[in-house]
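Engineer: Show me how the following folds:
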Amino acid sequence: DFTTSVIYDRAGTGWSDPVELPRTATAVSTELRNLLHAAGMPAPYLLVGHSLGGAYVRRFAQCFPDEVAGLLLMDPAHEDYLTSMPERVHKAGEQAANEPLPNLTTEQIEYVRGLFAQMLATWPDSIRELLISYHLASWQVGIQEGTNRYEVLDELRHGGAVPAVPVIVLTAMGIDPGQRLLMSEELLREQNNAKRGLYETLAASLSRGEHRVLEEAAHSTMHIDRPDAVLTAIRDLLDRMER
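Structural biologist: Numbering: from 1, shown residues only. Okay, here's the model as predicted:
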């Protein structure tokens with residue numbers, strides 16, 4: 001209603017063409033820039049990145065500062081994430097990341113199916129079932145895409161400054177149902193508290209940064225749990241960009 005928005009599946013994910021994964025943040029951000037130019041979308045852009053996508057849009061801003069007018073970072077991957085965690089959360093995360101990808105049990109598959117059905121409850125039946133089937137069949141793609149996370153985070157660490165544009169960082173403090181398969185609720189609460197401090201520091205480090213906390217939103221579903229907060233942040237950033 002108030003701006004043009006573009007959403008896309010990165011190469012190798014969703015319904016985009018397959019590519020060898022993982023890839024560098026520089027490659028992903030350059031590809032996005034080429035895509036926007038090919039689609040006739042003029043810069044500068046307000047980029048919205050969630051989780052690993054948050055790292056990619058920060059890298060875009062480092063590589064193409066003149067083409068970025070604002071950033072919305074939603075629980076973004078961050079180069080200091082692991083070192084900011086309590087020791088036992090750090091160890092649990094490292095252990096989960098270093099183990100081979102598991103085969104989901106029938107019970108786990110039905111649990112995940114229920115999560116997707118809940119998230120997509122308002123979607124038309126035909127589309128909802130198509131999306132659920134895709135995610136259940138390809139859930140490992142997202143994990144594979146992030147297997148070079150340390151290299152991606154090193155790109156950010158040594159990639160230079162983000163331009164002095166308006167930035168809002170959103171932090172989700174709810175218990176993530178997907179992460180609950182890997183970690184206890186107690187550990188997830190410790191993780192969220194540490195994450196909150198990290199993102200507060202990130203926003204404070206930026207000349208035009210702001211931090212907002214979403215208490216009832218979970219990491220994976222924050223845009224579904226609190227679409228109002230996401231849209232408000234986008235509107236606020238657009239207003240600041242115009243000013």
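
Engineer: Can you get me a residue count around E110?
Structural biologist: As a burial measure, E110 scores 12 neighbours (other C-beta atoms under 10 Å). (Each C-beta comes from the backbone N, C-alpha and C, glycine too.)

Engineer: What's the separation between it and I132?
Structural biologist: Plainly put, E110 is 11 Å away from I132 if you go by C-beta to C-beta, to the nearest Å.

Engineer: Point out where this structure drops to low pLDDT.
Structural biologist: Applying pLDDT under 70 to the chain flags residues 93, 95-102.

Engineer: can you map out the strands along it?
Structural biologist: Secondary structure of the chain by DSSP state E: the strands cover 45-50, 68-74, 167-172, 209-214.

Engineer: May I see those organised as a markdown table, with distance to I234 and mean neighbour count added?
Structural biologist: Below are the strands of the chain laid out as a markdown table (distance: least, C-beta to C-beta, whole Å; neighbours: other C-beta atoms under 10 Å):
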| stretch | distance to I234 | mean neighbour count |
| --- | --- | --- |
| strand 45-50 | 7 | 22 |
| strand 68-74 | 6 | 24 |
| strand 167-172 | 9 | 26 |
| strand 209-214 | 12 | 18 |
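
Engineer: Please identify which of these is closest to L115.
Structural biologist: strand 167-172 (15.2 Å; C-beta to C-beta).

Engineer: that older thread, closest one to N103 among the strands of the chain?
Structural biologist: strand 45-50 (27.0 Å).

Engineer: Tell me which strands the closest one pairs with, and in which orientation.
Structural biologist: Using DSSP bridges, strand 45-50 pairs in its sheet with strand 68-74 (parallel).

Engineer: which residues make contact with the partner strand from outside it?
Structural biologist: The contact list for strand 68-74 (C-beta atoms under 8 Å, 6 or more residues apart in numbering) reads 43-51, 54, 57-58, 60-61, 162-163, 165-170, 172, 199, 202, 222-223, 230, 233-234, 237-238, 240-241.

Engineer: how about the helices of this structure, start to end?
Structural biologist: 25-38, 52-63, 87-98, 106-119, 125-145, 149-157, 185-205, 222-225, 227-242 (DSSP state H).

Engineer: Highest mean neighbour count out of those helices?
Structural biologist: Per residue and on average, the most neighbours among the helices of the chain fall to helix 52-63, with a mean of 23 (mean count of other C-beta atoms under 10 Å).

Engineer: Please find the angle between the direction vectors of that one and helix 125-145.
Structural biologist: If you take axes from the mean of the first three to the mean of the last three C-alpha atoms, to 10 degrees, helix 52-63 sits at 60 degrees to helix 125-145.

Engineer: Tell me which other helices or strands helix 52-63 touches.
Structural biologist: Applying 3 or more C-beta pairs under 8 Å, 6 or more residues apart in numbering; DSSP states H and E, one finds that helix 52-63 makes contact with helix 25-38, strand 45-50, strand 68-74, helix 149-157.

Engineer: ok, back up a step: make a markdown table out of the strands of the chain and add distance to P18.
Structural biologist: As requested, those are exported to a markdown table (distance: least, C-beta to C-beta, whole Å):
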| stretch | distance to P18 |
| --- | --- |
| strand 45-50 | 22 |
| strand 68-74 | 26 |
| strand 167-172 | 30 |
| strand 209-214 | 34 |
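
Engineer: Out of those, which gets nearest to L82?
Structural biologist: The nearest among the strands of the chain, by C-beta to C-beta, is strand 167-172 at 16.7 Å.
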